[in-house]
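Visitor: need the 3D shape of this:
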Amino acid sequence: MCGIVAYIGRKPAVPILLEGLKRLEYRGYDSAGIAVLGQCGLSVVKALGRVRRLESLLEERPPLAGSLGIAHTRWATHGEPSDRNAHPHTDGPTEDAGGHGIALIHNGIIENHASLKRYLLEKGHVFRSETDTEVLVHLVSELYQGDIENAVRSALREVTGAYAIAVLCEEEPDRLVVARKGSPLMVGVGKDEYIVASDSSAIVAHTTQAFTLDDYTVATLTRDSFRTTTLDNVPITPEIRELEFSLEQIELGGFEHFMLKEIAEQPHALRQCLKGRIDTREGQVVLGGVSQYARELVRARRIVFLGQGTALHAGMISEYIIEDLAKIPAEYDFASEFRYRNPLVEEGTIVVAISQSGETADTLAALREAKARGALALGIVNVVGSSIARETDAGVYLRVGPEIGVASTKAFVGQLAVATLLGAFIGRRRFLSQDVVSRLLDELQAMPDRLEQAVALSDHIREAAARYVDRENWLFLGRGCNYPVALEGALKLKEISYIHAEGMPAAEMKHGPIALIDEGMPVVFVATHNSQYEKVLSNIEEVRSRGGHVIAVATEGDTHLPSLCEEIFFVPDVPEQLQPMLTVVPLQLLAYHAAVLRGKDVDKPRNLAKSVTVE
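Guide: Numbers count the residues shown, from 1 in each chain. Below is the predicted model of the structure:
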């Protein structure tokens, strides 16, 4: 959840570290800190609040000179956001004195920190914060005997939990030690320099070459070399690869917010997702990532989609798609519940983990549980080389480009596109005729142009949002594959505008929630032409009769709905399986404009972070 960046090289560390923190701030932003090791020793500066406050503090004091440093932006787990709980943490009784001059930053949770802290207190260690991270740096200090790499390795063998860490030591001013288990960490390889970060957005401005640390791996970096080992000091050779995106892709590019940029990028993102995966001449789906398991997919008895948040909603829609196209029983499950429920994984079960980052802790844990029980594990992820991508048997990358906004948008559309391709891939090998698949793929290839029409609704939606933005309770309703779209619309409104919203199947409204509807309450319906259109019309009448104001997403050419709605957003007419890719866009824009009108920080909503790497 937190953002880690570290540097060792020939250049001044502070500008590189600050730039990296700004690019990683979407991973956590309640406090930030920096530690630099130079000729004057170790210097630490920390601040409650955003990275810009840390930057202001640094401008007010003498420059921190040094070409070795670590920096951190925090999403709090242990201890409230404060200066003293901010990272880096050090091993002395004060920030700049005592101990061995060890400083450490950490992403993750040390589950056995309480017992370790009792042990260290008995040894005379003094703690200044409420964090589990400070326990870890004191444990490294306790085990230090002149070799920081060995001390880190020894300490991590005593730790239970998840971690990505970067450590430096005043007594060894030319070494940076980093390690990882559970939380993401990668190393950018430059000329006489290395940049360590939680993800590649903090690296790509300096080098396009990087390697990802595997779990239980320690890397020791000097200015001109590195070595990687296991916790048992067994040397390993990482795979250095080319980063998948450019610096321009993670810049705002004239947009006010990353979320709006990423909504606008959805047509292009979908084109990239589909590129090379549809054989137009033969009318076939080409999925090289799963083709070697085509026989297992055709013979599958059940497909289970696992995810959290937006990815879970994509999994819910995938259930409809797979059962419709492939005629295989499908279901979805909260990844956070799957591993604790003693799930049944029979022969022929395929589990599909969905995650934008590929690092979602709950989804990764559920995936491992499914594999341990014998399931074939597939992944639908966006980040190349991520943990889920490495641990699945096979999978499909989204290829929608980096997603910086905390509220996921274009990844959701990519996930639905991949699910559709997967359904057609399996269905053609089971029951679907060539003609049916060809027509579906033609429609899918036309979707980017139709997405452009949906994105163009932005100004209209902003005007509508302005009329309802002061209302604190909303309902989002849909049926069939548009029911999860209603859930997604409610989630978006909640997470960035802080308006209370509930999403549910439209028919469920009558079984209790209808009691909430009063005069003027906004009720958003996904009411496109599909197999349940007439039923949705009945639900709209029920809302109107109780004074609710209806906001609808409808199909172009619908002449009946406008008389029933206060606001209506028209999207192109597409096959029912493809509708969620379009109907979600007005709801994304509605949430975005509501948040802006309410003066909220769209890209950094309170209490949230982009990649949830703790359970």
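Visitor: what about Val5, neighbour count?
Guide: 31 (other Cβ atoms under 10 Å). Where you see a C-beta, it was placed from the backbone N, CA and C, and this is true even at glycine.
Visitor: show the model's pLDDT score for it.
Guide: Looking at Val5, its pLDDT reads 96.
Visitor: now it. Nearest residue, chain neighbours left out?
Guide: Ranked by Cβ to Cβ, 6 or more residues apart in numbering and with sequence neighbours excluded, the top spatial neighbour of Val5 is Gly20, at 3.4 Å.
Visitor: also Asp224?
Guide: Asp192 is the one closest to Asp224 (Cβ to Cβ, 6+ apart), at 5.5 Å.
Visitor: and what of Gly309?
Guide: Leu491 (6.8 Å).
Visitor: part of a strand, is Pro15?
Guide: No. Applying DSSP: H, G, I helix; E, B strand; the rest coil, one finds Pro15 to be helix, outside a strand.
Visitor: that one: neighbouring residues, count only.
Guide: 10.
Visitor: any idea how far it is from His87?
Guide: From Pro15 across to His87, the span is 19 Å (Cβ to Cβ, to the nearest Å).
Visitor: same check, this time on Val596
Guide: 31 Å.
Visitor: more neighbours: these two, which one.
Guide: A direct count of neighbours by other Cβ under 10 Å for Val596 and His87 places His87 higher, at 33 against 20.
Visitor: sorry, back to before: next, the buried residues of the host helix or strand of the residue nearest to Val5.
Guide: For Gly20, the host element (DSSP states H and E) is helix 13-24. Residues 13-14, 16-24 are the ones in helix 13-24 that count as buried (16 or more other Cβ atoms under 10 Å).
Visitor: quick revisit: I'd say the residue nearest to Asp224 and Tyr7 touch.
Guide: No. Using Cβ atoms under 8 Å, Asp192 is not in contact with Tyr7; the gap is 11.8 Å.
Visitor: who has more neighbours, the two?
Guide: Counted by other Cβ under 10 Å, Asp192 and Tyr7 do not tie: Tyr7 has more neighbours, with 31 against 13.
Visitor: next, that one: secondary structure please.
Guide: Recorded secondary structure, Tyr7: strand (three-state DSSP).
Visitor: show me what it is bridged to.
Guide: Bridge pairing for Tyr7 (DSSP bridges) gives the partners Gly69, Ile195.
Visitor: how about it, what does it touch?
Guide: 13, 16-17, 20, 67-70, 176, 193-196 (Cβ atoms under 8 Å, 6 or more residues apart in numbering).
Visitor: how about 10 Å then?
Guide: For Tyr7, the contact set (Cβ atoms under 10 Å, 6 or more residues apart in numbering) comprises 13-17, 20, 36, 66-71, 166, 176, 188, 190, 193-197, 202, 206, 221.
Visitor: and for Leu608?
Guide: 1, 26, 28-29, 75, 309, 406-407, 495-496.
Visitor: could I get those as a markdown table with pLDDT?
Guide: A markdown table is the format used below for these (pLDDT from 0 to 100):
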| residue | pLDDT |
| --- | --- |
| Met1 | 65 |
| Tyr26 | 78 |
| Gly28 | 76 |
| Tyr29 | 78 |
| Trp75 | 76 |
| Gly309 | 95 |
| Val406 | 89 |
| Ala407 | 92 |
| Glu495 | 95 |
| Ile496 | 96 |
